[in-house]
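1. mind looking at a prediction? Sequence and model below.
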Amino acid sequence: MSLDTATPIRLSELAGIIYQVIDEVFKQQSFWVVADIANHSFKPASSHHYFDLVEKDQGSAALISRIPTRSWADGSSRIAAFEQATGQKFGNDLRVLVQVSIFYHAVYGLQLTLTDIDTGFTLGALEQQKQATLLRLVKDNTEHIRLNNGVYSTSNQQLRLPAVIQNIAVISSSTSAGLEDFLHTLNNNAFNYRFRTDTYNSVVQGELNAQVVVDQLIAIYNAQNDYDAVVLIRGGGAQTDLLLFEQYSIGRAIARFPIPVITGIGHQKNETVADLMAHTAVKTPTKAAEMIVAHNRAFSDELLSFEKNMIIRSQQILARQNRLLSQVSQQFLTGAGHYLSAQKQDLSALSSVLARRPGQMLYEKQKDLQSMVGRMGYASQYFLKTEQGHINNYAALIRLMSPENVMKKGFALIRQNGKIISDPASVSPGNQIDIILAGEEIEVIVNNKKAYDGRDFNL
């Protein structure tokens with residue numbers, strides 16, 4: 001095409017020439033392009049996507065290229081299929097392999113039209129990045145992170161959770177729905193447990209914000225508030241929304257942290273690097289709260305079982321001592337009877353002698369007998385007093401371990417149909433149960449009952 005560049009033309013004419021050149025060169029052609037998504041918007045009514053395909057320098061993150069892109073018709077259906085297959089929302093910061101065609105518009109300029117998207121590329125790239133991060137964590141932190149038979153073991157996982165978790169540091173976004181769910185579940189537990197929670201606000205999305213989370217872990221450590229556990233939560237999202245928790249710095253900080261870390265970041269599929277490094281990983285913020293309540297409940301059940309065993313054991317000891325005392329008393333009375341009978345016989349024999357001896361001998365024998373009877377009385381009183389002391393000690397122990405004293409310490413008994421129960425299998429939704437506290441009895445109707453798996457109450 002020959003153009004007279006010296007003769008002025010209208011802008012629309014120039015736009016037409018550009019369109020003609022691009023159309024002749026790229027007509028019926030398409031290209032597979034690797035790029036990141038930026039400035040994405042979606043129009044549900046028309047199912048149209050509008051976004052930029054961008055490329056950044058890997059070292060400085062400076063923008064190298066940017067081309068506006070759109071997706072209509074077949075392209076939008078391919079995006080929908082991508083989201084369904086991967087569980088990822090098509091949006092900003094997502095690296096993709098897409099098929100595009102080139103188009104020029106006189107008003108909107110050069111544009112690309114997305115016609116297809118490769119689902120395997122995105123998932124494969126994320127998994128490769130995750131495995132590289134895990135390999136680096138193991139290699140660079142041999143004292144704190146180990147890999148044995150495909151299972152990661154960290155210093156944080158070796159910490160022991162306290163028997164009762166009460167003081168909790170929470171890392172979360174201040175506006176996160178997950179934080180609300182966690183606090184609601186924790187503070188409205190069925191057992192009336194009370195917790196102290198301190199929230200350390202942090203950005204929990206975007207891989208470039210990893211240092212913000214690490215800084216909050218440092219703040220928790222420096223606070224020296226004797227926290228029982230740290231809970232890292234997020235309200236959920238697609239795998240690409242959770243890239244923050246795949247970062248090396250967060251994984252390293254969690255693995256080395258001296259307080260047990262519990263993660264509940266809202267994922268339903270694969271575990272993140274943060275999950276693999278943490279002491280305990282659950283799926284959601286709600287599950288994190290339920291796990292803590294269940295942990296405390298397990299200790300409470302163990303304590304109640306110990307109390308029950310102590311009462312039974314004390315009753316057994318008391319019954320055995322009572323039987324022993326009864327046996328000893330009977331033996332004593334029998335022995336005393338035999339002794340007195342023998343003495344009576346001796347006295348009778350003596351009487352016959354005294355009939356022939358002076359009155360002085362009779363007087364002396366009577367004194368001996370009185371002294372002997374006195375010693376026998378003192379011995380019997382001392383024995384009975386000693387045994388009564390043993391009985392009083394066992395009675396005091398029983399009173400100490402009585403349900404009334406235990407309930408004054410904050411525990412409760414649960415009664416159903418007039419019987420104290422400890423087996424949750426005997427309670428079903430709709431049942432009426434009585435909760436017996438110190439000085440008060442509460443009648444309740446069971447609304448719900450949840451199963452507990454035993455796990456989901458320590459840089």
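-> Sure, I can see it.

2. tell me, how many residues neighbour Gly150?
-> 5 (other Cβ atoms under 10 Å). Just so you know, the C-beta spots here come from the backbone N, C-alpha and C atoms, and that holds for glycine as well.

3. phi and psi next, for it.
-> phi 80, psi 0 (degrees, to the nearest 10).

4. skip ahead from the worst-scoring helix or strand of the chain on mean pLDDT and say which helix or strand is next.
-> Taking mean pLDDT, DSSP states H and E as the measure, the helices and strands of the chain show their lowest mean at helix 403-408, namely a mean of 72. Note on helix 403-408: by DSSP states H and E, the next helix or strand toward the C-terminus is strand 413-416.

5. now that next one, how far from the chain's geometric center?
-> 27 Å (Cα atoms, centre = their mean, to the nearest Å).

6. walk me through which strands that strand pairs with, and which way each runs.
-> Within its sheet, strand 413-416 is paired with strand 419-421 (antiparallel), strand 432-437 (antiparallel), according to DSSP bridges.

7. now do it: everything it contacts.
-> By Cβ atoms under 8 Å, 6 or more residues apart in numbering, the residues outside strand 413-416 that reach it are 403, 407, 420-422, 426-427, 431-436.

8. if you set the cut-off to 10 Å instead, what comes out?
-> 304, 403, 406-407, 420-422, 424, 426-427, 431-437, 441, 443-444, 446 (Cβ atoms under 10 Å, 6 or more residues apart in numbering).

9. and the residue nearest the centre of the protein?
-> Centroid-nearest residue in the chain: Met291, 3.6 Å away (criterion: Cα atoms, centre = their mean).

10. on that earlier part again, nearest to Ser341, of the strands paired with strand 413-416?
-> Closest approach to Ser341 among the strands paired with strand 413-416 is made by strand 419-421 (53.2 Å; Cβ to Cβ).

11. ok now the strand or helix carrying Glu24, how far from the chain's centre?
-> If you go by DSSP H and E, Glu24 is part of helix 11-26. Relative to the chain's own centre, helix 11-26 is displaced by 63 Å; criterion: Cα atoms, centre = their mean.

12. with stretch 320-333 instead?
-> 55 Å.

13. next, the buried residues of it.
-> Leu325 (16 or more other Cβ atoms under 10 Å).

14. can you name the next helix or strand after the longest helix anywhere in the chain?
-> Looking across the chain with DSSP state H, the single longest helix is helix 285-354. Per DSSP H and E, the first helix or strand lying C-terminal to helix 285-354 is helix 359-400.

15. summarise which helices and strands that next one is packed against.
-> helix 285-354 (3 or more Cβ pairs under 10 Å, 6 or more residues apart in numbering; DSSP states H and E).

16. show me what the helix it packs on is packed up against.
-> strand 167-172, helix 177-187, strand 229-233, strand 261-264, strand 280-282, helix 359-400, helix 403-408.

17. and if we set it to 7 Å?
-> Here helix 285-354 touches helix 177-187, strand 229-233, strand 261-264, strand 280-282, helix 359-400, going by 3 or more Cβ pairs under 7 Å, 6 or more residues apart in numbering; DSSP states H and E.

18. nearest to Leu147, of the ones you listed?
-> So among those, strand 280-282 is nearest, using Cβ to Cβ, at 16.5 Å.

19. can you point me to the longest strand in the protein?
-> strand 31-43 (DSSP state E).

20. so which of the strands paired with strand 413-416 is the most packed in?
-> strand 432-437 (a mean of 15; mean count of other Cβ atoms under 10 Å).

21. about what we covered before: and of the strands paired with strand 413-416, who's closest to Ala163?
-> strand 432-437 (21.8 Å).

22. the following helix or strand past that closest one to strand 432-437, inter-axis angle?
-> Once the chain leaves strand 432-437, the next helix or strand it forms, by DSSP H and E, is strand 440-445. If you take axes from the mean of the first three to the mean of the last three Cα atoms, to 10 degrees, strand 440-445 sits at 160 degrees to strand 432-437.

23. list the contacts of the nearest residue to Lys408 once chain neighbours are set aside.
-> Computed as Cβ to Cβ, 6 or more residues apart in numbering, the closest residue to Lys408 that is not its neighbour in sequence is Ala438, at 4.5 Å. Shown in contact with Ala438 (Cβ atoms under 7 Å, 6 or more residues apart in numbering): 404, 407-408.

24. same question for Asn405.
-> Arg399.

25. one step back: with just CA atoms, put the helix holding Glu24 into CSV.
-> Once non-C-alpha atoms are left out, helix 11-26 reads as follows in CSV (Å, rounded to 0.1, in the frame of the first residue of the first chain):
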residue,chain,number,x,y,z
LEU,A,11,-7.9,10.9,11.8
SER,A,12,-10.7,8.5,10.8
GLU,A,13,-8.9,7.8,7.5
LEU,A,14,-5.7,7.0,9.4
ALA,A,15,-7.6,4.7,11.7
GLY,A,16,-9.1,3.0,8.6
ILE,A,17,-5.6,2.5,7.1
ILE,A,18,-4.4,1.0,10.4
TYR,A,19,-7.4,-1.3,10.5
GLN,A,20,-6.9,-2.4,6.9
VAL,A,21,-3.2,-3.2,7.6
ILE,A,22,-3.9,-5.1,10.8
ASP,A,23,-6.8,-7.0,9.2
GLU,A,24,-4.7,-8.0,6.2
VAL,A,25,-1.8,-9.2,8.3
PHE,A,26,-3.6,-10.9,11.2
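
26. burial of Ile250, as a residue count?
-> 25.

27. my read: it touches Val212, true?
-> No - using Cβ atoms under 7 Å, Ile250 makes no contact with Val212, being 9.8 Å away.

28. from the chain's centroid, how far away is the longest helix of the chain?
-> 44 Å.
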